[in-house]
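Engineer: For reference, the sequence and a predicted model appear below.
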Amino acid sequence: MSSLSPAELDNARALLALALAEDIGEWGDRTSAALIPEDTPARAALVVRTPGVVAGLQIARMVFEAVSPTVLFEPILADGHRVETGTILATVTGPLRPILTAERTALNFLQRLSGVASLTRKYVEAVSGTKAQVLDTRKTTPGWRLLEKYAVRAGGGTNHRIGLYDAILIKDNHIAGLGDPATAVERSVDLARAFPGNQGLAVEIEVDTLEQLERALSAKPEIVLLDNMTLEQLRSAVARRNAASPATRLEASGGVNLTTIRSIAETGVDRISVGAITHSAPALDIALDYLS
């Protein structure tokens, strides 16, 4: 099962601090303070309302503990598990006031990340039996990228680059900026390899025609991104790669959805990047139910 890296933990702490500050504000939870005696004990459960894949339980725990160290959060499942309607993910025990104060913030994290994991799992299952990996993109919620990419892993997907700093991906506008289209593809790969800041990173280049692909393969990049190509073009691209540069991996992107991804995978590409798994994932319906 997936687990948060140190960087992801730091990101979670920063985001939950912001989330609690915007929800609690200067005055705190006025409703709970007005209605609930301070020492009222309670037990509640985080319950799934719709089927999916869970992600973010560790962060939910962090939220409850940040509001009050007297709240005991006990997970029943781990991130990455498929869950059905009615599944209890965790119980929380302690004073009712802080449980109610933390409820919405904890659920916001859990629902969002479980939604990403759930949609990712659907894409991963759609390509089952092929060699294609399902990858995420940089189309993420600002500030949430590390956590959303964590949720992609929990759903069985593979992380692409985190940002502009940890990979070299030559896009169409980079190539256009080099001028002469007859030489720009090859030049871009050569420049990327020679760049002192490369530090051994794989070089990936985006192409949108088979002619560009031929020029890219002559430079033997580690990865070629095939943008918005038809199934016929993808199959031709795989054949050309196999003949010219077998070590180069091919990644398809554009026009990818749950209806099309199986056919794309069956062309023989190695990777399929899907922006939708982060930018269009609906939240998984999860609630906090009072038990006693």
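Structural biologist: Yes, it's here.
Engineer: Now do the residue nearest the centre of the chain against A283, distance only.
Structural biologist: Nearest to the geometric centre of the chain sits K149, at 2.9 Å (CA atoms, centre = their mean). From K149 over to A283 the distance is 17 Å, taken as CB to CB, to the nearest Å. Where you see a C-beta, it was placed from the backbone N, CA and C, and this is true even at glycine.
Engineer: got it, and P51?
Structural biologist: 14 Å.
Engineer: which of the two has more neighbours?
Structural biologist: A283 (17 against 14; other CB atoms under 10 Å).
Engineer: And what about the more buried one, helix, strand or coil?
Structural biologist: coil (DSSP: H, G, I helix; E, B strand; the rest coil).
Engineer: what sits against it?
Structural biologist: Listed by CB atoms under 8 Å, 6 or more residues apart in numbering, the contact set of A283 reads Q111, R112, S114, G115.
Engineer: Tell me the one of these nearest L100?
Structural biologist: Using CB to CB, Q111 is the member of the contacts of A283 that lies nearest L100, at 17.2 Å.
Engineer: Just give the number of residues close to the closest one.
Structural biologist: Q111, neighbours per other CB under 10 Å, totals 20.
Engineer: Spatially, what comes nearest to it if we skip its sequence neighbours?
Structural biologist: A283 (4.0 Å; CB to CB, 6 or more residues apart in numbering).
Engineer: Equivalent analysis for E74, please.
Structural biologist: T91 (5.0 Å).
Engineer: Are we agreed that that neighbour is in a strand?
Structural biologist: Yes. Counting by three-state DSSP, T91 is part of a strand.
Engineer: any idea how far E222 is from it?
Structural biologist: 47 Å.
Engineer: if we can go back for a sec, read off the pLDDT value for the residue nearest to Q111.
Structural biologist: At A283, the pLDDT value in this model is 98.
Engineer: likewise Q199?
Structural biologist: Reported pLDDT for Q199: 87.
Engineer: Pull up the distance across stretch 166-181, start to finish.
Structural biologist: Stretch 166-181 has its terminal residues 27 Å apart, counting by CA to CA, to the nearest Å.
Engineer: buried residues in that stretch?
Structural biologist: I168, L169, I170, H174, I175 (16 or more other CB atoms under 10 Å).
Engineer: Repeat that for stretch 278-289.
Structural biologist: Buried residues in stretch 278-289 (16+ other CB under 10 Å): T278, A281, A283, L284, D285, I286, L288.
Engineer: same thing with stretch 140-160?
Structural biologist: In stretch 140-160, counting by 16+ other CB under 10 Å, buried: 140, 144-158, 160.
Engineer: mind giving me the domain ranges of this structure?
Structural biologist: 6-124+281-290, 126-279 (automatic domain parsing).
Engineer: returning to what we had before: for the residue nearest to the centre of the chain, what are its contacts?
Structural biologist: D136, T140, N159, I162, T278.
Engineer: same thing but 6 Å
Structural biologist: D136, N159 (CB atoms under 6 Å, 6 or more residues apart in numbering).
Engineer: can you give me phi and psi for it?
Structural biologist: Main-chain dihedrals, K149, degrees, to the nearest 10: phi -70, psi -30.
Engineer: Do a quick rundown of the helices in the stretch 151-292 of the chain.
Structural biologist: 172-177, 184-194, 210-218, 231-244, 261-265, 276-279 (DSSP state H, counting those that start in this stretch).
Engineer: Using CSV, write down the CA coordinates of the shortest one.
Structural biologist: Output of helix 276-279 as CSV, limited to C-alpha atoms (Å, rounded to 0.1, in the frame of the first residue of the first chain):
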residue,chain,number,x,y,z
ALA,A,276,-8.2,13.8,-15.8
ILE,A,277,-7.2,11.6,-12.9
THR,A,278,-6.2,14.7,-11.0
HIS,A,279,-8.0,17.7,-12.6
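Engineer: what does that helix contact?
Structural biologist: Under CB under 6 Å, 6+ apart, the answer for helix 276-279 is V116, L119, T120, D136, K139, T140, E148.
Engineer: Repeat the analysis, applying 10 Å as the threshold.
Structural biologist: Helix 276-279 has contacts (CB atoms under 10 Å, 6 or more residues apart in numbering) with 115-124, 134-141, 144-145, 148-149, 151-152, 155, 157, 256-258, 261.
Engineer: so of the residues you listed, which ones are in helices?
Structural biologist: Judged by DSSP state H, the subset of the contacts of helix 276-279 located in helices is 115-124, 145, 148-149, 151-152, 261.
Engineer: between those, which is closest to A33?
Structural biologist: Nearest to A33 among the ones in helices among the contacts of helix 276-279 is G115, at 31.5 Å by CB to CB.
Engineer: Just to check, that closest one is in contact with G52?
Structural biologist: Yes. Shown here, G115 and G52 form a contact pair, counting by CB atoms under 10 Å, at 7.3 Å.
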